[in-house]
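S.K.: heads up, no residue letters with this:
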């Protein structure tokens with residue numbers, strides 16, 4: 001008889017098992033308890049991911065798995081001014097601190113934000129069709145979120161054009177002990193809606209902190225959602241997030257991912273084109289410097305005919321930073337007349353920097369147009385020399401060329417104020433913030 005291998009023991013696994021015994025299931029609807037029970041069983045059986053699993057082969061998890069994180073609890077009267085200054089989101093309508101909602105102020109017609117805990121008490125039927133449906137147990141981290149999340153936000157976007165972006169601030173704070181939080185976000189874009197959603201992750205504190213986040217996005221027929229996700233990394237901040245998106249017929253999902261370092265910043269982004277005529281565009285820019293690791297794993301599933309997907313990620317890696325891009329486009333048998341394109345470009349600025357890139361296509365249908373490409377390269381010495389002949393010193397020349405490489409992805413961010421802030425942040429990380437006024 002075959003026996004299930006025992007999960008690897010670690011400080012995080014052991015502390016998570018203790019937290020599971022206190023998971024917030026009391027008084028919740030039967031279907032939520034079933035979700036939590038299934039996720040708990042998965043985690044106990046499989047544990048945390050490990051390098052022997054292909055999807056986690058290049059992710060260095062030791063700095064996370066060997067820390068006995070404690071589950072964070074709500075903090076009364078928390079001041080988020082520090083978070084808003086880091087992320088430049090003074091007008092954030094939705095704020096979460098260590099996974100707990102601390103501010104909901106979504107104004108506008110046909111747009112509503114409610115805490116998940118409140119809806120579970122008074123209207124669980126509004127959550128049941130979607131909560132936990134897309135983001136099933138993909139790995140130990142997503143299972144742990146489903147078993148342990150204490151609260152979250154459901155954002156409903158009604159029909160019509162929303163002229164002002166909806167901003168979500170997800171903040172992590174740990175001062176005296178290592179804390180893990182479980183942010184949970186459910187977005188339901190109704191048919192014929194049009195909206196821009198800005199999701200910004202920030203953190204502060206002297207201790208290690210882990211944000212283990214899950215976001216589920218349901219996009220109705222003929223709806224359009226631009227989703228801008230920004231991570232401002234910090235030396236002891238770890239962000240691991242699963243985003244699962246389902247698109248109905250003739251809908252459009254545009255993802256703009258900007259990852260600015262972090263001890264570990266890993267994103268798993270899944271997009272399911274479930275209805276005919278659906279389109280998605282996945283754009284990404286990531287920077288990784290000294291002691292930082294950024295991982296992006298994307299999965300696009302073409303499940304219906306006449307759908308399109310376009311994906312382009314660009315990375316800048318320097319000092320001893322490391323980056324991973326792992327992208328898969330799967331064209332299922334029923335997805336006739338599919339158009340899918342994937343591209344990953346990386347710029348390496350030092351000998352110690354490491355990039356692992358793995359684009360993939362799986363095609364089970366005929367009459368499709370699919371391409372993919374990946375490159376890893378350095379700055380052209382001739383370009384650097386040309387700028388030096390124009391009285392620009394070598395460090396500034398290299399920063400200008402690196403910024404020019406990144407600018408294509410920054411220009412795709414629709415919000416002008418956020419685009420300017422991100423441009424300045426990129427140049428600051430390259431060590432030349434003073435160039436912003438000349439290059440912006």
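M.R.: In hand now; what should we look at? Because the structure is predicted, anything quoted here is derived from the model rather than measured. Numbers count the residues shown, from 1 in each chain.
S.K.: and the gap between the residue located most distally from the centre of the chain and residue 373?
M.R.: In the chain, the greatest distance from the average C-alpha position (Cα atoms, centre = their mean) is reached by residue 389, at 41.1 Å. Separation of residue 389 from residue 373 (Cβ to Cβ, to the nearest Å): 32 Å. From N, CA and C alone the C-beta is placed, and that goes for glycine too.
S.K.: likewise residue 124?
M.R.: 46 Å.
S.K.: Between the two, point out the one with more neighbours.
M.R.: residue 124 (16 against 12; other Cβ atoms under 10 Å).
S.K.: quick one: that one from residue 324, how far?
M.R.: 38 Å.
S.K.: shaky segments in this structure?
M.R.: Along the chain, the parts satisfying pLDDT under 70 run over 1-8, 23-26, 75-78, 87-92, 107-108, 432-440.
S.K.: which residue is nearest the middle of it?
M.R.: For the chain, the residue nearest the mean C-alpha position is residue 267 (4.4 Å; Cα atoms, centre = their mean).
S.K.: Check which residues of stretch 96-103 are buried.
M.R.: 96-102 (16 or more other Cβ atoms under 10 Å).
S.K.: Let me know the closest of those to residue 142.
M.R.: Distances from residue 142 to those, taken as Cβ to Cβ, are shortest for residue 99 (14.3 Å).
S.K.: surely the closest one meets residue 151?
M.R.: Yes. With contact defined as Cβ atoms under 8 Å, residue 99 counts as touching residue 151 (6.9 Å).
S.K.: Find residues that contact each of these two.
M.R.: Shared contacts of residue 99 and residue 151 (Cβ atoms under 8 Å, 6 or more residues apart in numbering): residue 184.
S.K.: Residue 326 - that's part of a strand, no?
M.R.: Yes. Residue state for residue 326 (DSSP: H, G, I helix; E, B strand; the rest coil) corresponds to a strand.
S.K.: That one: neighbour count?
M.R.: 22.
S.K.: Report the beta-bridge partners for it.
M.R.: residue 297, residue 358 (DSSP bridges).
S.K.: Surely it is in contact with residue 313?
M.R.: No. Under the criterion of Cβ under 8 Å, residue 326 is not in contact with residue 313, lying 10.3 Å apart.
S.K.: so what sits against both of these two?
M.R.: Counting by Cβ under 8 Å, 6+ apart, the residues touching both residue 326 and residue 313 are 296, 298.
S.K.: and the helix or strand encompassing the residue nearest to the centre of the chain, what other elements does it pack with?
M.R.: Using DSSP states H and E, the element containing residue 267 is strand 264-273. Judged by 3 or more Cβ pairs under 8 Å, 6 or more residues apart in numbering; DSSP states H and E, strand 264-273 is in contact with strand 237-247, strand 252-260, strand 279-288, strand 293-302.
S.K.: is it possible to export the ones you listed to TSV including mean neighbour count and distance to residue 401?
M.R.: TSV is the format used below for the helices and strands packed on strand 264-273 (neighbours: other Cβ atoms under 10 Å; distance: least, Cβ to Cβ, whole Å):
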stretch	mean neighbour count	distance to residue 401
strand 237-247	25	28
strand 252-260	23	19
strand 279-288	24	14
strand 293-302	24	20
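S.K.: Ok, which of these comes nearest residue 381?
M.R.: strand 279-288 (21.8 Å).
S.K.: and residue 383, what does it touch?
M.R.: Here residue 383 is in contact with 397, 401 (Cβ under 8 Å, 6+ apart).
S.K.: Would you verify that it is located in a helix?
M.R.: Yes. Counting by three-state DSSP, one finds residue 383 located in a helix.
S.K.: how close does it sit to residue 286?
M.R.: 22 Å.
S.K.: and what of residue 411?
M.R.: If you go by Cβ to Cβ, the gap between residue 411 and residue 286 works out to 16 Å.
S.K.: Number of residues surrounding the residue nearest to residue 249 when sequence neighbours are not counted?
M.R.: Closest residue in space to residue 249, ignoring its immediate chain neighbours: residue 275 at 3.1 Å, by Cβ to Cβ, 6 or more residues apart in numbering. Residue 275 has 21 neighbours, counted by other Cβ under 10 Å.
S.K.: List the residues that contact residue 275.
M.R.: 221, 247-251, 304.
S.K.: I'd like to know which of the residues you listed are buried.
M.R.: 247-251, 304.
S.K.: what about the residue farthest from the centre of the chain, distance to residue 380?
M.R.: 14 Å.
S.K.: do the same with residue 81
M.R.: Taking Cβ to Cβ, one finds residue 81 at 43 Å from residue 380.
S.K.: I'd say residue 211 and residue 240 touch.
M.R.: Yes. The criterion here is Cβ under 8 Å, and residue 211 meets it with residue 240 at 7.3 Å.
S.K.: Need the helices and strands packed on strand 264-273 in TSV (columns: distance to residue 319).
M.R.: Formatted as TSV, those follow (distance: least, Cβ to Cβ, whole Å):
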stretch	distance to residue 319
strand 237-247	17
strand 252-260	14
strand 279-288	9
strand 293-302	12
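S.K.: Run through who's touching stretch 27-39.
M.R.: With Cβ under 8 Å, 6+ apart, stretch 27-39 has contacts from 23, 25, 120, 124, 128, 131-132, 137, 143-147.
S.K.: and with 6 Å instead?
M.R.: 23, 25, 120, 124, 128, 132, 137, 143, 146-147 (Cβ atoms under 6 Å, 6 or more residues apart in numbering).
S.K.: Can you flag which of these belong to helices?
M.R.: Among the contacts of stretch 27-39, the ones falling in helices (DSSP state H) are 120, 143, 146-147.
S.K.: and which of those residues is nearest residue 299?
M.R.: Out of those, the member with the shortest distance to residue 299 (by Cβ to Cβ) is residue 143, at 17.4 Å.
S.K.: List the residues that contact that closest one.
M.R.: Here residue 143 is in contact with 39, 42-43, 137 (criterion: Cβ under 6 Å, 6+ apart).
S.K.: Out of the residues you listed, which two sit at the greatest distance?
M.R.: 43 and 137 (7.9 Å).
S.K.: Of these two, which one has the most company?
M.R.: Per other Cβ under 10 Å, whichever of residue 43 and residue 137 has more neighbours is residue 43, with 26 against 22.
S.K.: Give the closest residue to that one in space, chain neighbours not counted.
M.R.: Spatial nearest neighbour of residue 43, excluding adjacent residues (Cβ to Cβ, 6+ apart): residue 143 at 4.5 Å.
S.K.: gap between the one you found and residue 49?
M.R.: From residue 143 across to residue 49, the span is 10 Å (Cβ to Cβ).
S.K.: ok, now residue 340?
M.R.: 27 Å.
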